[in-house]
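Engineer: I'd like to go over a predicted model; first the sequence, then the structure.
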Amino acid sequence: MGTSLLTRKRDLAYFVYFAIHIPVMFLVDLQALYPPSLVPAPLTSLKAFYMQTYKDLFFVAPPPFFKLFMGLELVYHVPVSLWALKGLWSSA
């Protein structure tokens, strides 16, 4: 049996990062892929707050390749993040 995640400080930091990042991807980043009718008002407000606060040009004025970039995030970054969480949790 491996050591506890709580005793592996660096692994714990990565675990927290991925655990926070996965919901953020679905709630904010990947909104570009959702049909507008399916996005609830609170998520639209959250994205508007993000754009107003941070002036992220990818969201304010998305370039033509932005949806492709978000699609790659969905098919690559999400699974790798889930894999990382599993590996960090099980102390592989």
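Structural biologist: In hand now; what should we look at? Remember, predicted model here, so these are calculated numbers, not experimental data. Residues are numbered from 1 along each chain as shown.
Engineer: Distance check, the residue most central in space within the chain against Met70.
Structural biologist: Against the mean C-alpha coordinate of the chain, by Cα atoms, centre = their mean, the closest residue is Met25 at 2.6 Å. According to Cβ to Cβ, to the nearest Å, Met25 and Met70 sit 9 Å apart. All C-beta spots, glycine's among them, are computed from the backbone N, C-alpha and C.
Engineer: do the same with Asp56
Structural biologist: 13 Å.
Engineer: The longest helix anywhere in the chain packs against which elements?
Structural biologist: Counting by DSSP state H, the longest helix found in the chain is helix 9-27. Contact analysis of helix 9-27 by 3 or more Cβ pairs under 8 Å, 6 or more residues apart in numbering; DSSP states H and E lists helix 78-89 as its packing neighbours.
Engineer: quick check: mean pLDDT across the helix it packs on?
Structural biologist: Mean pLDDT, helix 78-89: 95.
Engineer: For it, what is the distance to the chain centroid?
Structural biologist: 12 Å (Cα atoms, centre = their mean, to the nearest Å).
Engineer: what comes up buried for it?
Structural biologist: Neighbour-count burial for helix 78-89 flags Val78, Ser81, Ala84, Leu85, Leu88 (criterion: 16 or more other Cβ atoms under 10 Å).
Engineer: still on that earlier bit, okay, Asp56 and Met70: which has more neighbours?
Structural biologist: Met70 (20 against 14; other Cβ atoms under 10 Å).
Engineer: Spit out the contact partners of that one.
Structural biologist: Contact analysis of Met70 by Cβ atoms under 8 Å, 6 or more residues apart in numbering lists Asp29, Leu30, Ala32, Leu33.
Engineer: hmm, try it at 6 Å
Structural biologist: Contacts for Met70 (Cβ atoms under 6 Å, 6 or more residues apart in numbering) come out as Leu30, Ala32, Leu33.
Engineer: how near is the first one to Ala13?
Structural biologist: If I follow you right, that is Leu30. Distance from Leu30 to Ala13, counting by Cβ to Cβ: 24 Å.
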